[in-house]
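Undergrad: predicted structure and sequence below. I'll ask about it afterward.
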Amino acid sequence: MAEKRAQRGFYYRQPLFLRAFLLFLYRYIWKRGFLDGKEGLIFYVLQTLWFRFLVDAKLYERRKAQSE
């Protein structure tokens, strides 16, 4: 459980937009998601690159609106 907390802390400290890409690399390469074939690629692209990138975009919009 402490390991997951450390991983989340590392994720949240990364710059917006870059962290989605790093998470994709971690899950697809390091955790061997590529072994799932095309289905694995589709899953990890949609879950990490698309969804997490969308979350970062929304966070960016909010921060930008607050600073104005």
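TA: Done, it's in.
Undergrad: the residue nearest in space to the middle of the chain and Y28, how far apart?
TA: Central residue of the chain (CA atoms, centre = their mean): A20, 2.9 Å from the mean position. Per CB to CB, to the nearest Å, A20 is found 12 Å from Y28. In short, each C-beta sits where N, CA and C put it, glycine included.
Undergrad: okay, and the common contacts of these two?
TA: T48 (CB atoms under 8 Å, 6 or more residues apart in numbering).
Undergrad: buried residues, the lengthiest helix in the chain. List them.
TA: The longest helix of the chain (DSSP state H) is helix 53-67. Within helix 53-67, the residues that qualify as buried by neighbour count (16 or more other CB atoms under 10 Å) are F53, D56.
Undergrad: could you list every helix and strand in contact with it?
TA: When contacts are defined as 3 or more CB pairs under 8 Å, 6 or more residues apart in numbering; DSSP states H and E, helix 53-67 packs onto helix 18-25.
Undergrad: how about the CA coordinates for the next helix or strand after the helix it packs on, as CSV?
TA: Helices and strands here follow DSSP states H and E; after helix 18-25, the next one along the chain is helix 37-44. Extracted as CSV, the C-alpha positions of helix 37-44 are listed here (Å, rounded to 0.1, in the frame of the first residue of the first chain):
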residue,chain,number,x,y,z
GLY,A,37,-1.6,-7.1,-28.4
LYS,A,38,-3.8,-4.6,-30.2
GLU,A,39,-6.4,-4.8,-27.5
GLY,A,40,-3.8,-3.8,-24.9
LEU,A,41,-2.6,-0.9,-27.0
ILE,A,42,-6.1,0.4,-27.5
PHE,A,43,-6.9,0.0,-23.8
TYR,A,44,-3.7,1.8,-22.6
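Undergrad: quick one: residues in contact with stretch 50-61.
TA: Residues from elsewhere that reach stretch 50-61, judged by CB under 8 Å, 6+ apart: L16, F17, R19, A20, L23.
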